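A.B. asks: Okay, here's the prediction I keep looking at, along with the sequence it came from:
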Amino acid sequence: MSALLIGSLPAMAQYVGPHAASSTVQQLGGLIGKDRFVTLKGNITRHVGKDLYEFSDGTGSVYLDIDRKHWRWPADTSIDHTTPVEIRGKYISQAFGPDKVKVSDVRLVK
């Protein structure tokens, strides 16, 4: 009976292999379709307000919508406009207002 229960538990492993190729901010303008998943590497250049930040990777800038739960580094670590980060999330092209990335993960780049 215990073997049956163990076999029915969900796996708790995490995928650590290659991910989708990184995009640049400049490439975002050419994406067709809504809510495309993107990975960006660069810097968060300023806090615009509440959960909204500006991000730049040297090819352009885009707004990020980041909930606090998506920051992934030790609590005693601070970042500034020079700290390299990797952003993963959905690129949202808006008819009115600036385009943005709804961020699902923010990590420090080592």
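C.D. replies: Arrived safely.
A.B. asks: Which helix or which strand is home to the most centrally placed residue in the chain?
C.D. replies: Nearest to the mean C-alpha position of the chain, by Cα atoms, centre = their mean, lies residue 88 at 2.4 Å. Per DSSP states H and E, residue 88 falls inside strand 84-92.
A.B. asks: how about that strand: buried residues?
C.D. replies: 85-89, 91 (16 or more other Cβ atoms under 10 Å). In this view, the C-beta of every residue, glycine as well, is placed from N, C-alpha and C.
A.B. asks: And for the closest residue to the residue nearest to the centre of the chain other than its chain neighbours, the neighbour number?
C.D. replies: With Cβ to Cβ, 6 or more residues apart in numbering as the measure, residue 105 is the residue that lies nearest to residue 88, at 4.3 Å, once sequence neighbours are left out. Using other Cβ atoms under 10 Å, residue 105 has 13 neighbouring residues.
A.B. asks: list the helices and strands the strand or helix carrying residue 105 packs on?
C.D. replies: Counting by DSSP H and E, the element that carries residue 105 is strand 100-108. Strand 100-108 sits against strand 61-65, strand 71-72, strand 84-92, with contacts defined as 3 or more Cβ pairs under 8 Å, 6 or more residues apart in numbering; DSSP states H and E.
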